[in-house]
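> Quick one, structure for this:
(3 chains)
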Amino acid sequence: METTAATRAGTDILPGKVGVWWFLASEVMLFGGLIGSFIVSRLGSSGWSGEAAHLSVPVAAINTLVLLTSSMTMVMAFGAVEKGDPRGLRTYLFLTVLLGLTFLGIKAYEYSSEVAAGFTPVTGLFWSFYYTMTGLHALHVLAGIITNLALFVMARRGLRNQHRVELAGLYWHFVDIVWIFLFPLLYLT
Amino acid sequence: MSDPVAVLAIPEASLHHEELGFWRTYLFSTEHKTIGKQYLSLGLFMTIVGGFLAYVMRWQLAYPDTEVPGWGFVGPEFYNVLVTMHGTIMVFFVAMPILLGAFGNFLIPLMIGARDMAFPRLNMLSFWTLFVGTLVLLASFFVPGGAASAGWTGYPPLSAKAIYTGVNWGLNLWILAHAIEFASFLMGGVNFLTTAITMRAPGMTFFRLPLVVWQLLTAATLFLLSVGPLIAGAVMLLMDRIAGTSFFLPEGGGEPLLWQHLFWFFGHPEVYVILLPAVGFVCEVLPVFCRKPLFGYRWIIYSTITAGILSFVVWAHHMFLSGMDPRLAMPFSITTILISVPFAILVFAMIATLWGGSIRFTTPMLFALGFVSMFIVGGLTGIFNGSAPADIYITDTYFVVGHFHYTLFSAVVFGGFAGIYFWFPKMFGRMMNETLGKVHFWLTLIFFNATFFPMHILGLGGMMRRIANPMQYQFLQPLQPINVFITFSAILLLVAQIPFAVNFVWGLVAGTPAERNPWEANTLEWAAPSPPPHLNWGEAIPTVHRGPYEYSSPEGPEDWLPQDRLVVARSS
Amino acid sequence: MMSWLPENVSTYGGDIDSIIRLIYYITSAWFFLTLGVFLLFLILYRRREGRRATYIRGDRLAEAAWILIPALIVLVLDLWIDFRGADAWAKVKGRVPPGDLRVQVTAKQFNWEILYPGPDGKFGTADDLQLENEMHVPVNKVVRVTLKSKDVIHSFFLPNLRLKQDAVPGREIEGWFQATKPGRYEMPCAELCGFGHSGMNGWLHVHPADEYQKWVKEHWPTS
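Next up is the predicted model:
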């Protein structure tokens, strides 16, 4: 077993990490395509800032803060892994999941108040983009929450799958960064 | 001290060698060779579906609005379904599963000296995801309204509203099937790249990798980096169809051309996703049967990467007449023309490999040579399309159809068959019949040219793509005999695949058992038994001492020198 | 091969044909050259008993020059084609001349609506004339076409005039042509536009000057 490991040509790289990075590269292109389409359409139409004024910047700002905090707790979860602290790992994973759910909750509140005010995906091109982009992002958040929840359950059995926390963290930060792009583009356009 | 990587390097299943049941051995297997064969079976099955659609389409073109033998009446509506589904199936459900899925899975671990893929379970998931996507696509034929009929490019507004085509669920399922297929190959691509980066055998540096691995990795990278925008586009298109948004509908402020940009940003790299693996197979086959190193190994790598990068900046050459700013045409015409340089280097390197060789005309070699010659035609006819002014006349005609069949169809058929005949002994442990293989090759070569070369003539005559009945146009009526000729050639081209089918099945059950290295080839996969056992290598994985194409090297008396053979300095 | 092109009856058709012809000659020469070398090598270097293949790796620049220099020639020829083509492209698509006659073509599933501005030269007035699938133009006059679409993307194709242009809903795309020979020419749609795509066709009637005047008189008797 050890001999096999010792003789590999590229042993010092964790396969999972390489895989996640490639996956994220294609995710960048997915959101890049959406954001690029949005920007091109934005340049071609006037009056979008008027539409965007109907969005609540304070609520979204709070949501941004929530997501940023969740990135911090994710880092702390990985820190707990490195320190060999299963209790800390569970706590921080749980906090991350909770913050993710808070983000989705606030997002749902935003959606419902916007729909109530008569702004649905079919109201106009701006709103189509708004709902599609934030919706796709929310799905990514949801996927991250499920992953973290799975890790949380696994963490009850100790620290066996420690490297996975790092991988989930990479993904979670990516989702966070996407939001950092979406927030000014959509709300402050 | 067992570090985590060592555990990952060997799949968990190997730690305890329990007997796997039927389900886990043949269906839900995590073994890369089995998964490769599953991709191959799925791809070959879909070839039959796509080939049948081509036959029905060709018959309709030769004898418009008559009963097609073995099918029935076609008519213009179903003709559009045929056009759309033939393209979709052949590109996404035949070419990609066979060239990328089957060979990528089978070859990468064996050629780099790994025991399996980096993520075996993800690998299994990739295949079954594709399987579901295939079912969804096939199901779309049977929903009310029939299957998608907006062309394989699915240009909106035609594809964005059910009233324009009369197809509702068929087109939604078509989008869904694409999404599933993309997810499958995203997982597959991540797996390929990770495997090749992290699991190479000792001594297997990047510049000792067989070229097919380079080409597969470039293909996987291109796919990963280009598919995102199209997925974004597909989400928007689906929203337009289902949620009533107007991303691509001008009446709601949308922009139909946006789709074309997103589609072709993916579409052009996608061409190379299909082409590069086939180029890779040829790069493996040529040196083995020339008994000499592939000419310019590093230049081929650089050319491949350059072509890959350039493929991201040529997409608008599909859109010269789309209504985009005509001033954009020239820049894109120039990038398009630049991309011919790396491919010229590839082809010249292949031809230069023949120089001074000792060429053996085996079946795989014949198919590889067929690919080289047909690819020259495909590349040269591409120059007509790449030139913006010539494209004014040529685009949307059969010239384009002829051109891309010379590139893509020859990649799948000549490249793919070269691969199948070459690696069949390794995959299944038996030899295929050479005589039948040669019959298959010559018939395929003849009828391939008889089918697709006259399409250029039709294109110059002005015949538009995707018309169900050329007889409706006076200026096309004199060309009708050519259409009839093409149809019969196409039917014979399909018939010419029967020797292959016979050979394949016969080879599987009754072929002569294959030796470990029947072709006396150098690359690592030939160091494993035929077929390779579970986990490929016995106790120890091979160690690599040199590059993959050391044929007729002065270092040894034989004309081949495997990558893993240790040569002790000769004392004489 | 080139004789398969339909008769050219437009002023710029010759430019396009000459580009196609140029590419045809260049690519044919390359085809016969590369395929000739390819076949020659196959014959010369077929397997012979007792002859060992030459060990050439082709990695050194001096060796690789055998493939790099031909590739460079390809590049030069390509650029030649492109620069020659740039003029033709600019002529057809670049600057659209004002035109002696203006026509608006609106594509819809599955017809061409041809709109004439009438004697006042303005669209949207009472003397406009709309025809289905029939376009009448005088010979040797520059005709300016404004392309629109009501539903999906169509492509306006005049094979004999070497003109093709997509009609995109939500856009007005300008095009032009100048026919050089009277006659009746087909005007099909070249972009898949639905179940009636096959058969979506119209006719361009190019009249001699006097005949065109007669046609105008028939439709606008007062002018």
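
> Please enumerate the helices of chain A.
With helices called from DSSP state H, chain A shows them at A:2-7, A:15-44, A:48-52, A:57-83, A:86-116, A:125-155, A:162-182.

> is any part of the second one close to chain C?
Read it as helix A:15-44. No - on the criterion C-beta under 8 Å from any C-beta of the partner chain, helix A:15-44 is out of touch with chain C, staying 10.7 Å away. (C-beta placed from N, C-alpha, C; glycine too.)

> What residues of that helix count as buried?
The neighbour-count check on helix A:15-44 (16 or more other C-beta atoms under 10 Å in any protein chain shown) flags A:15-16, A:18-24, A:26-38, A:41-42 as buried.

> ok, the closest residue to chain C within the stretch 101-250 of chain B - how many residues close by?
When scored by C-beta to the nearest C-beta, the stretch 101-250 of chain B has residue B:250 as its residue closest to chain C, at 2.5 Å. Under the neighbour criterion other C-beta atoms under 10 Å in any protein chain shown, residue B:250 is assigned a count of 17.

> Excluding chain neighbours, what is closest to it?
Excluding its sequence neighbours, the residue lying closest to residue B:250 (C-beta to C-beta, 6 or more residues apart in numbering or on different chains) is residue C:170, at 2.5 Å.

> Then residue B:515?
Nearest residue to residue B:515, sequence neighbours excluded (C-beta to C-beta, 6+ apart): residue B:530, at 6.7 Å.

> any idea whether that neighbour is helix, strand or coil?
Following DSSP: H, G, I helix; E, B strand; the rest coil, the label given to residue B:530 is coil.

> related to what we said a few turns ago, return only those of the buried residues of helix A:15-44 found close to chain B.
Filtering the buried residues of helix A:15-44 for neighbours of chain B using C-beta under 8 Å from any C-beta leaves A:15-16, A:18-19, A:22-23, A:26-34, A:36-37, A:41.

> Run through the strands of chain C in chain order.
C:101-108, C:111-116, C:129-132, C:134-138, C:142-149, C:154-158, C:163-167, C:173-178, C:183-186, C:203-207 (DSSP state E).

> Out of those, which is closest to chain A?
Using C-beta to the nearest C-beta, these put strand C:173-178 closest to chain A, at 16.1 Å.

> The closest one close to chain B?
Yes - under the criterion of C-beta under 8 Å from any C-beta, chain B is reached by strand C:173-178 at residue C:173.

> Tabulate the CA atom coordinates of that strand in PDB.
In PDB, the C-alpha atoms belonging to strand C:173-178 read as follows (Å, rounded to 0.1, in the frame of the first residue of the first chain):
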ATOM      1  CA  ILE C 173     -31.100  44.900 -41.400                       C
ATOM      2  CA  GLU C 174     -30.100  46.800 -44.500                       C
ATOM      3  CA  GLY C 175     -29.000  45.100 -47.700                       C
ATOM      4  CA  TRP C 176     -28.700  46.000 -51.300                       C
ATOM      5  CA  PHE C 177     -28.200  44.600 -54.800                       C
ATOM      6  CA  GLN C 178     -28.000  45.700 -58.300                       C
END
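
> buried sites along that strand?
C:173-178.

> Just the residues contacting that strand, thanks.
Residues outside strand C:173-178 that contact it (C-beta atoms under 8 Å, 6 or more residues apart in numbering or on different chains): B:323, C:10-12, C:93, C:96-97, C:99, C:140-148, C:156, C:158, C:161, C:163, C:165-167.

> neighbouring strands for that strand, and are they parallel or not?
When pairing is defined by DSSP bridges, strand C:173-178 lines up against strand C:142-149 (antiparallel).

> Tell me, how many residues neighbour residue B:326?
20.

> if I pick it, what's in contact with it?
C:89, C:93-94.
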